[in-house]
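> Output the structure for:
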Amino acid sequence: MREIKLNTIYRHFKGDSYLVMDIVIDSETGKEMVLYKGLYGDCPCYVRPLDMFLSEVDHNKYPDIKQKYRFEEINIERKNN
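Numbering: from 1, shown residues only. Below is the predicted model:
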């Protein structure tokens with residue numbers, strides 16, 4: 001199973017980037033949720049079930065999407081000055 005990295009930037013298959021902040025527990029269901037922040041506009045925060053965050057893109061619904069997973073880690077390298 002895939003693991004999620006905290007304080008890491010992920011790209012959603014539709015293009016936007018998000019910072020994963022934490023794994024939290026839904027107080028009603030006990031289900032693990034991902035707390036993440038959009039890196040655009042007013043930087044909205046969201047929660048999504050962990051299993052959904054880590055799931056593959058539904059390529060039947062989105063046949064033109066090349067990304068395998070709903071969210072994929074972005075590797076950002078430092079520029080040398």
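
> Give the buried residues for stretch 47-56.
Neighbour counts using 16 or more other C-beta atoms under 10 Å place Arg48, Phe53, Leu54 of stretch 47-56 among the buried residues. All C-beta spots, glycine's among them, are computed from the backbone N, C-alpha and C.

> Give me the nearest residue to the second one, chain neighbours excluded.
Nearest residue to Phe53 in three dimensions, chain neighbours excluded: Val34, at 4.4 Å (C-beta to C-beta, 6 or more residues apart in numbering).

> any idea which of the buried residues of stretch 47-56 is the one closest to Asp26?
The nearest member of these to Asp26, counting by C-beta to C-beta, is Arg48 at 10.9 Å.

> Now do the longest strand seen in the chain: which elements does it pack against?
Counting residues, the longest strand found in the chain (DSSP state E) is strand 17-25. With contacts defined as 3 or more C-beta pairs under 8 Å, 6 or more residues apart in numbering; DSSP states H and E, strand 17-25 has these neighbours: strand 8-12, strand 32-38, strand 45-49.

> And those: which comes nearest Tyr18?
Tyr18 lies closest, by C-beta to C-beta, to one member of those: strand 32-38, at 4.5 Å.

> average model confidence for the closest one?
What strand 32-38 shows for mean pLDDT is 98.

> Okay, angle between that strand and strand 17-25 too, please.
Orientation check (axes from the mean of the first three to the mean of the last three C-alpha atoms, to 10 degrees): strand 32-38 against strand 17-25 gives 150 degrees.

> buried residues in stretch 22-38?
Met33, Val34, Tyr36.

> still on that earlier bit, and Gln67, which of the helices and strands packed on strand 17-25 is closest to it?
strand 8-12 (7.5 Å).

> chain center to the closest one: distance?
Centroid displacement of strand 8-12 relative to its chain, using C-alpha atoms, centre = their mean, to the nearest Å, is 5 Å.

> Can I get it as PDB, trimmed to CA atoms?
Extracted in PDB, the C-alpha atoms of strand 8-12 (Å, rounded to 0.1, in the frame of the first residue of the first chain):
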ATOM      1  CA  THR A   8       4.900  17.200   1.200                       C
ATOM      2  CA  ILE A   9       3.300  18.700  -1.900                       C
ATOM      3  CA  TYR A  10       1.100  16.500  -4.100                       C
ATOM      4  CA  ARG A  11      -0.500  17.200  -7.500                       C
ATOM      5  CA  HIS A  12      -4.200  16.300  -8.000                       C
END
